[in-house]
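Colleague: prediction below, plus the sequence it came from.
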Amino acid sequence: MNKAPGLKIIIIIFIIFILSIFLYFIWYLKIDKLTIQKLHSLQNSLKQQNINFEWSEYKKSGFPYRIETNLKNININYNNTSLSTKSLKIIYQPWNKHHILIIFPNDLNIFYNNKNIKITNANILASLVIDKNSNKRISITSDKINIFLNKNTYYISKPEFYFKIDDFENIQYVILMDKLIWAPLFIKNDVLNKLYINGKIVKYNNFNINHYLEWFTNEGGISFDKITTNINTTNINGNGFISVDKNLDIQSSISLNSNNITYFINILEKNNFISKNIMITSKFIVKAIETSSKLSNKKPIFSITIQNGFLYLMGIKLLIIPNLKKYL
């Protein structure tokens with residue numbers, strides 16, 4: 001019996017297999033070289049915007065399934081702000097060079113105006129996807145983040161940030177947090193749960209890092225198309241917009257609906273952000289709006305505005321909002 005035809009098939013399959021491995025290896029090396037080129041291109045692009053992005057060494061790994069670039073001792077400096085971390089990992093998949101993963105396995109340290117902000121994290125994962133039309137989708141996720149600032153600790157559970165950048169002038173974004181502890185207001189039994197925000201960063205096409213204040217004061221802003229969260233049994237929903245005027249005062253208008261807005265007023269009074277008299281006046285206005293809305297069979301809507309350095313609830317001056325010059 002002639003076995004030659006079967007042997008020929010085995011040989012052909014073997015040759016195809018070896019050839020495929022060889023071609024994949026060539027393709028892998030090509031993408032590997034491209035990742036280094038893009039990294040240096042990014043470094044040069046940032047430098048042109050007065051942002052220095054430096055690292056002490058890098059190592060390559062991941063063959064054959066992916067291309068991992070491990071950067072050590074990263075420092076990013078811009079004006080009086082610097083960010084440093086021990087390492088980060090950039091991951092490419094050879095079969096999809098338009099999808100990039102970035103992992104921050106270590107703490108982040110931010111120095112700003114002689115203040116140290118430390119961010120401890122559970123492996124922050126960032127993802128960048130670029131489609132055939134050069135539209136970008138960015139996501140940043142982590143299991144938890146602790147922020148240490150001014151002897152206070154701020155805790156965020158399961159933060160998720162999503163951005164969509166297309167040919168239009170706005171960046172669409174979504175922010176999700178399972179739990180937010182933000183001293184001194186939202187602590188212990190008063191933590192924010194299931195925070196959800198979506199909206200737009202408007203007119204980002206004209207944004208320039210070296211003239212960001214001009215952009216923010218002249219045309220930029222952030223819209224909140226939908227806000228939802230809860231504290232215990234108190235729910236809150238709303239939308240709004242925030243920007244900055246030429247004097248660097250925050251300007252904002254927010255509309256809220258809540259089943260118990262007085263709960264938030266009590267938190268402010270309990271932490272000495274407002275006086276007892278303002279609390280009583282605010283509750284009186286809230287009660288009047290709730291009664292009027294009930295009679296007309298509508299949900300009560302509460303207006304919050306920030307203007308000329310003050311936060312107002314339905315026209316009642318509640319809080320002083322610092323001018324941004326204090327932090328710049």
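Modeller: Done, it's in.

Colleague: in the chain, which segments are predicted with low confidence?
Modeller: By pLDDT under 70, the low-scoring segments of the chain are 1-6, 24, 122, 167.

Colleague: quick one, phi psi at Ile9?
Modeller: phi -60, psi -40 (degrees, to the nearest 10).

Colleague: how close does it get to Leu19?
Modeller: In this view, Ile9 and Leu19 are 15 Å apart by C-beta to C-beta, to the nearest Å. All C-beta spots, glycine's among them, are computed from the backbone N, C-alpha and C.

Colleague: now swap in Thr233 and tell me
Modeller: Here the criterion is C-beta to C-beta. By it, Thr233 lies 66 Å from Leu19.

Colleague: likewise Pro64?
Modeller: Remark: distance between Pro64 and Leu19 (C-beta to C-beta) = 15 Å.

Colleague: same question, Ser45
Modeller: Applying C-beta to C-beta, the value for Ser45 to Leu19 is 38 Å.

Colleague: then Ser134?
Modeller: According to C-beta to C-beta, Ser134 stands 34 Å off from Leu19.

Colleague: cool, Lys158 as well?
Modeller: Lys158 sits at a distance of 46 Å from Leu19 (criterion: C-beta to C-beta).

Colleague: okay, these two: which has more neighbours?
Modeller: Between Lys158 and Leu19, counted using other C-beta atoms under 10 Å, the more crowded position is Lys158 (14 against 10).

Colleague: quick one, what contacts that one?
Modeller: Under the criterion of C-beta atoms under 8 Å, 6 or more residues apart in numbering, the contact list for Lys158 reads Thr141, Ser142, Asp143, Lys144, Leu176, Met177, Asp178, Lys179.

Colleague: and Lys294, by the same measure?
Modeller: If a contact means C-beta under 8 Å, 6+ apart, then Lys294 has Pro300 as its contacts.

Colleague: so how far is the helix or strand where it lies from its chain's centroid?
Modeller: Following DSSP states H and E, one finds Lys294 within helix 276-295. Its chain's C-alpha centre and that of helix 276-295 lie 35 Å apart, by C-alpha atoms, centre = their mean, to the nearest Å.

Colleague: report the inter-axis angle for the next helix or strand after it versus helix 276-295.
Modeller: Past helix 276-295, further along toward the C-terminus, the next helix or strand under DSSP H and E is strand 302-307. Calculated by axes from the mean of the first three to the mean of the last three C-alpha atoms, to 10 degrees, strand 302-307 forms an angle of 140 degrees with helix 276-295.

Colleague: got a list of contacts for strand 302-307?
Modeller: 240, 242, 249-258, 261, 286, 289, 311-315, 321.

Colleague: where exactly do the strands run in the stretch 1-150 of the chain?
Modeller: Along the stretch 1-150 of the chain, the segments classed as strands by DSSP state E, counting those that start in this stretch run 52-54, 57-61, 67-78, 81-93, 96-104, 108-112, 115-121, 124-130, 136-141, 144-149.

Colleague: what helices and strands are in contact with the fifth one?
Modeller: Packed against strand 96-104 by the contact rule (3 or more C-beta pairs under 8 Å, 6 or more residues apart in numbering; DSSP states H and E) you find strand 81-93, strand 124-130.

Colleague: now the first one
Modeller: Using 3+ C-beta pairs under 8 Å, 6+ apart as the contact definition, the elements that strand 52-54 packs against are helix 4-48, strand 67-78.

Colleague: and the longest one, what other elements does it pack with?
Modeller: Using 3+ C-beta pairs under 8 Å, 6+ apart as the contact criterion, the neighbours of helix 4-48 among helices and strands are strand 52-54, strand 67-78, strand 81-93.

Colleague: for Lys144, give me its contacts.
Modeller: Per C-beta under 8 Å, 6+ apart, neighbours of Lys144: Asn121, Ala122, Tyr155, Ile156, Ser157, Lys158, Pro159.
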